[in-house]
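>>> Take this sequence and fold it.
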Amino acid sequence: MLTPLGRLDKYAASENVFNRQMVARSLLDTLREVCDDERDCIAVLERISRLADDSEPTVRAELMEQVPHIALFCQENRPSIPYAFSKYLLPIVVRYLADQNNQVRKTSQAALLALLEQELIERFDVETKVCPVLIELTAPDSNDDVKTEAVAIMCRMAPMVGKDITERLILPRFCEMCCDCRMFHVRKVCAANFGDICSVVGQQATEEMLLPRFFQLCSDNVWGVRKACAECFMAVSCATCQEIRRTKLSALFINLISDPSRWVRQAAFQSLGPFISTFANPSSSGQYFKEESKSSEDRPVEDQNRICNQDVPGEGQMRSEAVPSDLSVSNSSVKLENMLEDDAVEAFRSSSDEISIPVDSSLLCTLSSEFHQEATSHENDKTPGNYQSALQPEFGTSSQDSAPLDQELYNSFHFWRTPLPEIDLDIELQEDSGKSPSSERAEEALEVPVSGSPNITMATRKELEEMIENLEPHIDDPDVKAQVEVLSAALRASSLDAHEEVIGIDQTQELQEEQGIKELPNCNISQEESVPLISESVENVDATPHYVHSSADVSSSSDFSPDQERRPKVQDIVPQALLDQYLSMTDPSRAQTVDTEIAKHCAYSLPGVALTLGRQNWHCLRETYETLASDMQWKVRRTLAFSIHELAVILGDQLTAADLVPIFNGFLKDLDEVRIGVLKHLHDFLKLLHIDKRREYLYQLQEFLVTDNSRNWRFRAELAEQLILLLELYSPRDVYDYLRPIALNLCADKVSSVRWISYKLVSEMVKKLHMATPPNFGVDLIHELVENFGRCPKWSGRQAFVFVCQTVIEDDCLPMDQFAVHLMPHLLTLANDRVPNVRVLLAKTLRQTLLEKECFLTSAGCHQEAVEQTVMALQMDRDSDVKYFASIHPASTKLSEDAMSTASSTY
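Numbers count the residues shown, from 1 in each chain. This next block holds a predicted model:
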């Protein structure tokens with residue numbers, strides 16, 4: 001009989017190719033047979049080196065497929081065969097990288113990457129044996145195919161070998177390959193892997209060495225190279241500083257978006273959202289992530305102040321010293337606190353005493369839009385006779401910029417105001433006198449005319465009209481069309497502002513006399529001290545604390561006016577040109593000229609873009625989100641449905657209630673493919689809502705039981721999973737009235753997977769209702785289980801009752817004494833059930849679950865005896881399966897697993 005080495009020699013020398021292939025496949029087995037003898041192991045490895053010279057490519061390819069497994073074996077047996085891999089195997093792998101046969105090269109490349117990934121190649125070998133060969137293969141005179149493959153290997157191995165080796169050995173040759181003028185395939189490979197190289201070498205090397213090459217690749221003559229650049233743009237952006245990202249990369253990306261090639265534009269638009277997300281900044285997005293997993297409440301006060309300062313860049317912070325010393329404030333105290341409401345927001349709380357400040361009418365100015373809206377929203381709570389001032393200084397205002405400030409306040413293109421209360425403008429013009437006094441006071445007290453403001457408005461309207469006329473010849477361009485729409489909206493707002501100002505000029509003096517605002521003759525306020533803006537809060541404010549919210553909180557009120565919707569989509573987080581291009585992805589013309597799936601890509605990246613902009617800039621995305629939510633393609637709506645809970649976390653509860661809840665309600669009535677996205681995260685979304693809003697969905701949960709396709713059982717299974725999580729959000733009364741019928745319905749589902757989850761749901765429901773005070777709902781639920789399932793005429797219902805009892809016992813949902821009183825008597829009566837499947841499950845439940853509970857054995861007393869008698873009766877049952885499960889000990893070998901599988905089959 002041949003020894004392993006003899007057999008190896010015999011077949012390795014065979015002229016039959018299949019015999020030599022068999023030898024290559026059996027090398028690992030041969031090594032295992034001789035692993036005890038070091039000399040035999042070395043002999044096998046030497047024969048591997050000879051086999052590597054085989055002239056048949058299939059033999060060499062088969063050998064290379066076995067090399068990673070042999071290398072792992074050598075690593076495990078390193079003490080007996082040291083340096084075996086480095087001496088015998090690695091040279092073969094490296095040599096095959098330049099093999100003439102394509103299949104051999106591919107297998108050697110895969111083997112090399114596998115060895116690097118498993119860290120089987122020493123660092124010294126990488127530097128001295130692998131990298132020099134790859135650099136040689138990428139030389140200018142190298143074979144074209146080999147060069148392209150070698151560049152790809154260099155790029156893919158860079159993350160595995162680390163920054164040091166990559167910078168010293170790979171990066172210089174990579175930069176050369178990016179400028180390969182002869183082979184566009186090489187440049188394409190470099191462009192496709194550019195992001196990986198940037199992430200390995202870090203920011204400094206990226207900005208100094210790689211970015212110039214990247215700019216060249218983005219303007220390459222071959223569209224495939226430019227497309228590859230667009231696809232890796234986000235990774236490149238992550239490796240650069242914010243300044244370069246904003247000044248250079250954004251302009252470069254705009255060029256790719258407007259590329260002549262449709263495929264380049266398509267890739268660029270797909271990468272647009274991820275690229276915008278690289279501009280995310282905690283100070284602007286309001287989202288902080290810490291390794292300690294601390295919540296925002298744990299943030300120091302200084303950080304909260306800093307966030308407030310950065311979240312609302314256009315608004316100054318409220319300070320007690322902002323109140324001029326010449327103004328007398330009697331019996332009052334102003335306290336500044338740091339309030340945490342969704343994100344860090346500064347809140348101004350006044351004491352219960354009233355603040356009465358006589359103010360010169362010339363000091364009344366138009367407030368910023370945020371505080372104006374906040375004051376208007378509280379107007380119904382104001383009562384005459386109480387006066388309270390809300391002081392809000394403009395951030396960084398000085399005597400030099402106070403002059404243009406008045407003009408900016410009346411520029412409708414930059415600011416928006418609360419509209420007139422009547423919606424129909426025609427009726428409003430006819431019935432000016434019918435306006436409510438409170439509305440007039442709110443608007444006119446804020447909009448005291450500044451000299452020349454009507455002329456400014458007329459000039460602005462004239463400029464807007466000229467701009468629209470100049471852009472109309474190019475209306476076919478989607479970007480131009482979007483600009484025309486914004487300008488038209490601004491023009492309409494300007495017309496509305498002019499009407500408001502005419503009314504304000506006629507009635508301001510009369511309102512001031514009615515409201516008791518008198519001139520203060522001795523109030524000498526310098527231009528530097530005139531920073532505080534006195535709002536209409538001076539009029540009719542009760543003594544309740546008044547909060548100044550951030551722009552994010554203010555814009556989240558539930559009743560948005562048309563003027564607010566026309567607010568310019570301008571922000572300073574990301575370059576405006578990038579945001580404009582992103583917003584244009586919902587334009588129907590984009591689907592025709594770029595990609596039919598472009599709306600889906602827009603929807604997919606929208607939460608990331610929203611997080612980047614922060615909730616204070618949600619107005620920029622609101623219209624786009626609503627457009628996507630009503631898109632004709634269900635895949636677009638499905639994408640939004642799966643991410644709406646994440647967007648709710650970003651926006652906070654107020655914006656969620658105002659903007660997301662209506663869209664969420666629409667998704668609930670959509671196709672099943674869309675509804676499943678909402679259902680999978682139902683708990684995550686509802687927990688963010690106010691309790692009153694959350695209770696409204698109790699009436700709609702029943703609708704999830706109805707699906708377009710009755711065979712869609714996974715939909716009902718997901719509903720059961722979500723109901724388990726929803727139990728904590730609702731009161732025992734709500735659980736009993738609304739969730740209980742759904743749970744009992746699911747327990748009788750036709751599909752067993754749905755029923756199993758429903759048993760867990762019912763047991764958790766029993767636990768919650770029993771812990772409530774008083775536990776009447778829990779007792780009623782148990783009685784209903786007994787009536788509907790324990791005494792069900794169908795055997796499947798009675799079996800479901802046993803399953804529920806088993807789950808209640810396993811999860812300790814009821815104290816054992818309560819279980820013995822309410823459920824055990826009805827459970828034991830099923831020992832005489834005429835269906836063996838019910839008795840089998842009962843035997844399992846009693847023998848393997850109930851009798852194994854220590855608390856039952858110690859506290860049940862007389863009930864324990866009844867259980868043991870029932871088990872003994874089941875052991876004498878006429879059915880062999882019932883006897884088997886009633887007699888078996890649960891700890892005996894794997895019999896308990898067999899019992900579970902048998903229960904599943906009988907179920």
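>>> Give me the secondary structure label for residue 872.
At residue 872, secondary structure determined by DSSP: H, G, I helix; E, B strand; the rest coil is helix.
>>> how deep is the nearest residue to residue 703 once chain neighbours are set aside tucked in, by neighbour count?
On the basis of CB to CB, 6 or more residues apart in numbering, the spatially nearest residue to residue 703 that is not a chain neighbour turns out to be residue 668, at 7.0 Å. C-beta coordinates here come from the backbone N, C-alpha and C atoms, glycine included. Residues lying near residue 668 (other CB atoms under 10 Å) number 18.
>>> show me the contacts for residue 668.
By CB atoms under 8 Å, 6 or more residues apart in numbering, the residues touching residue 668 are 675, 678, 700, 703.
>>> Checking residue 181 next. Helix, strand or coil?
Secondary structure, three-state DSSP: residue 181 is coil.
>>> In the stretch 1-150 of the chain, what residue spans correspond to helices?
For the stretch 1-150 of the chain, helices defined by DSSP state H, counting those that start in this stretch occupy the ranges 4-12, 17-25, 27-33, 38-51, 57-76, 84, 90-96, 102-117, 123-125, 131-137, 144-161.
>>> Run through the stretch 401-550 of the chain and note the low-pLDDT ranges.
Along the stretch 401-550 of the chain, segments meeting pLDDT under 70 span 401-463, 470, 473-474, 476-480, 482-483, 486, 489-550.
>>> follow-up on the earlier one: hey, least reliable of the helices of the stretch 1-150 of the chain by pLDDT?
Of all the helices of the stretch 1-150 of the chain, the segment with the smallest mean pLDDT is helix 84, scoring a mean of 79.
>>> Tell me the helices and strands packed up against it.
Judged by 3 or more CB pairs under 8 Å, 6 or more residues apart in numbering; DSSP states H and E, helix 84 is in contact with helix 38-51.
>>> picking that back up, quick one, phi psi at the residue nearest to residue 703?
phi -60, psi -20 (degrees, to the nearest 10).
>>> quick one: it and residue 209, what's the gap?
Plainly put, residue 668 is 53 Å away from residue 209 if you go by CB to CB, to the nearest Å.
>>> if we can go back for a sec, and the contacts of residue 668, which are buried?
Using 16 or more other CB atoms under 10 Å as the burial test, the contacts of residue 668 include 675, 678 as buried.
>>> which one of the helices of the stretch 1-150 of the chain is the most hemmed in?
Among these, ranked by average contacts under mean count of other CB atoms under 10 Å, first place goes to helix 84 (a mean of 24).
>>> burial measure for residue 170, as a count.
Counted with other CB under 10 Å, residues neighbouring residue 170 total 23.
>>> circling back: any idea which of the contacts of residue 668 is closest to residue 607?
Closest approach to residue 607 among those (CB to CB): residue 678, at 14.9 Å.
>>> right, and that closest one touches residue 664 too?
Yes - contact criterion CB atoms under 8 Å: residue 678 and residue 664 qualify, at 6.6 Å.
>>> Give the intersection of the neighbour lists for these two.
644, 685.
>>> what sits against residue 825?
Residues near residue 825 by CB under 8 Å, 6+ apart: none.
>>> quick one: which helix or strand includes it?
Element membership of residue 825 [criterion: DSSP states H and E] is helix 824-828.
>>> From the contact count, pick out the helices and strands touching the helix or strand just after that helix.
As assigned by DSSP H and E, the chain's next helix or strand after helix 824-828 is helix 836-844. When contacts are defined as 3+ CB pairs under 8 Å, 6+ apart, helix 836-844 packs onto helix 795-810, helix 862-875, helix 880-887, helix 895-906.
>>> Give me the residues contacting the first one.
Right, the one you point to is helix 795-810. Here helix 795-810 makes contact (CB under 8 Å, 6+ apart) with 747-748, 755-756, 759-760, 762-763, 766-767, 785-786, 788-792, 813-814, 819, 823, 826-827, 830, 833, 835, 837-838, 841-842, 844-845, 849-850, 853, 907.
>>> Specify the angle between that helix and helix 836-844 in degrees.
Computed by axes from the mean of the first three to the mean of the last three CA atoms, to 10 degrees, the angle separating helix 795-810 from helix 836-844 equals 10 degrees.
>>> With the shortest one instead?
Between the axes of helix 880-887 and helix 836-844, defined by the same axes, to 10 degrees, the angle is 10 degrees.
>>> just checking, what packs against helix 880-887?
helix 836-844, helix 862-875, helix 895-906.
>>> ok, back up a step: would you mind giving the helices of the stretch 1-150 of the chain as JSON lines with distance to residue 806 added?
Output for the helices of the stretch 1-150 of the chain, formatted as JSON lines (distance: least, CB to CB, whole Å):
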{"stretch": "helix 4-12", "distance to residue 806": "56"}
{"stretch": "helix 17-25", "distance to residue 806": "51"}
{"stretch": "helix 27-33", "distance to residue 806": "48"}
{"stretch": "helix 38-51", "distance to residue 806": "56"}
{"stretch": "helix 57-76", "distance to residue 806": "46"}
{"stretch": "helix 84", "distance to residue 806": "56"}
{"stretch": "helix 90-96", "distance to residue 806": "57"}
{"stretch": "helix 102-117", "distance to residue 806": "46"}
{"stretch": "helix 123-125", "distance to residue 806": "57"}
{"stretch": "helix 131-137", "distance to residue 806": "62"}
{"stretch": "helix 144-161", "distance to residue 806": "50"}
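>>> nearest to residue 637, of the ones you listed?
Residue 637 lies closest to helix 144-161 among the helices of the stretch 1-150 of the chain, at 37.2 Å (CB to CB).
>>> which residues are contacting the helix or strand that the closest one is followed by?
Going down the chain from helix 144-161, the next helix or strand is helix 163-165, by DSSP H and E. Residues from elsewhere that reach helix 163-165 (CB under 8 Å, 6+ apart): 123, 126, 127, 131, 200, 201, 202.
>>> Next, the buried residues of helix 163-165.
For helix 163-165, the neighbour count (16+ other CB under 10 Å) marks residue 165 as buried.
>>> and the next element down the chain from it?
The first helix or strand that comes after helix 163-165 along the chain, using DSSP H and E, is helix 171-178.
>>> So which bits of the next helix or strand after that following helix are buried?
Next helix or strand after helix 171-178 toward the C-terminus (DSSP H and E): helix 184-192. Under the neighbour-count criterion of 16+ other CB under 10 Å, helix 184-192 has 185, 186, 187, 188, 189, 190, 191, 192 buried.
>>> any chance of these in CSV, plus pLDDT?
Below are the buried residues of helix 184-192 laid out as CSV (pLDDT from 0 to 100):
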residue, pLDDT
185, 88
186, 91
187, 92
188, 92
189, 93
190, 93
191, 93
192, 93
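>>> Now render the residues you listed as a markdown table, adding distance to residue 135.
What follows is those, written out as a markdown table (distance: CB to CB, whole Å):
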| residue | distance to residue 135 |
| --- | --- |
| 185 | 18 |
| 186 | 14 |
| 187 | 18 |
| 188 | 20 |
| 189 | 15 |
| 190 | 15 |
| 191 | 20 |
| 192 | 20 |
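>>> related to what we said a few turns ago, any chance of the helices and strands packed on helix 836-844 in CSV, plus distance to residue 152?
What follows is these, written out as CSV (distance: least, CB to CB, whole Å):
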stretch, distance to residue 152
helix 795-810, 54
helix 862-875, 67
helix 880-887, 60
helix 895-906, 48
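>>> how about JSON lines for those, with mean neighbour count and distance to residue 731 added?
Below are the helices and strands packed on helix 836-844 laid out as JSON lines (neighbours: other CB atoms under 10 Å; distance: least, CB to CB, whole Å):
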{"stretch": "helix 795-810", "mean neighbour count": "22", "distance to residue 731": "22"}
{"stretch": "helix 862-875", "mean neighbour count": "16", "distance to residue 731": "32"}
{"stretch": "helix 880-887", "mean neighbour count": "20", "distance to residue 731": "40"}
{"stretch": "helix 895-906", "mean neighbour count": "14", "distance to residue 731": "36"}
